Structure formats: C-alpha cells, structure tokens
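Asker: Provided below are the primary sequence and the corresponding predicted coordinates.
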Amino acid sequence: MSQLGRSEKFSSIKKGLIKLGLDYRSASKHDVATCPITNNKTTVPRHRTIKKHTVGSICDFLLENGYKESEIKKAFRWK
C-alpha cells in the first residue's frame with residue numbers, strides 16, 4: 001500500500017482524479033477512472049468517506065501509470 005493512503009471524502013477523490021485528466025465515469029455500484037495514457041482502469045467506491053486502504057490503492061494505481069507523487073498531492077489538495 002502507498003504511503004499516500006489516508007481516509008478521504010469521495011468528492012475530493014473524484015475531483016482529484018478529474019484534475020489529473022483521468023476519464024471518470026459512473027458505473028452501476030462504483031465509478032470507474034481510466035488512465036488516458038495506458039487505458040488501465042481503477043474502481044472508486046461511492047462511499048461518503050473512502051477508507052485509507054482504498055485511497056492507497058488508488059494512489060498506487062496512479063503511481064504505476066506515470067503520475068508523480070507531487071501531482072497526486074496537488075490534485076487531491078494534500079500538503
């Protein structure tokens with residue numbers, strides 16, 4: 001799990017992924033974010049608060065697809 005894992009609101013994760021340029025779509029029970037460079041996908045649960053393990057997995061996905069830690073922190077408004 002990434003060191004970037006922390007509990008976060010669904011709305012801030014959604015906004016951050018859109019700011020990073022991922023294609024964000026709603027599915028039946030989860031949302032799907034697709035990396036435009038690699039076409040890899042990750043799911044985002046629609047819970048009010050997303051647990052730190054899940055946020056860490058989303059951050060790991062972003063790191064594996066070429067995003068820098070500084071870009072991720074800026075998009076999610078983390079210090």
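Answerer: Here it is on my side, so go on.
Asker: quick one: the strands in this protein?
Answerer: 8-9, 23-26, 30-34, 41-45, 49-50 (DSSP state E).
Asker: just for the chain, where's the confidence low?
Answerer: Along the chain, segments meeting pLDDT under 70 span 1-2.
Asker: Quick check: longest helix in it by residues?
Answerer: helix 52-64 (DSSP state H).
Asker: helices and strands around it, which ones?
Answerer: Under the contact criterion of 3 or more CB pairs under 8 Å, 6 or more residues apart in numbering; DSSP states H and E, helix 52-64 touches helix 10-19, strand 41-45, helix 69-75. (C-beta placed from N, C-alpha, C; glycine too.)
Asker: Relative to the whole chain's centre, how far out is the first one?
Answerer: Average the C-alpha atoms of helix 10-19, do the same for its chain, and the two points are 7 Å apart (CA atoms, centre = their mean, to the nearest Å).
Asker: now what about it, what contacts it?
Answerer: 24, 31, 33, 44-50, 55, 58, 72, 75-77 (CB atoms under 8 Å, 6 or more residues apart in numbering).
Asker: before we move on, back to that, distance to Gln3 for the helices and strands packed on helix 52-64 - can I get that in JSON lines?
Answerer: Below are the helices and strands packed on helix 52-64 laid out as JSON lines (distance: least, CB to CB, whole Å):
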{"stretch": "helix 10-19", "distance to Gln3": "17"}
{"stretch": "strand 41-45", "distance to Gln3": "18"}
{"stretch": "helix 69-75", "distance to Gln3": "9"}
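Asker: JSON lines please, covering those and showing mean neighbour count.
Answerer: Putting the helices and strands packed on helix 52-64 into JSON lines (neighbours: other CB atoms under 10 Å) gives the following:
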{"stretch": "helix 10-19", "mean neighbour count": "17"}
{"stretch": "strand 41-45", "mean neighbour count": "16"}
{"stretch": "helix 69-75", "mean neighbour count": "15"}
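Asker: All set now, cheers.
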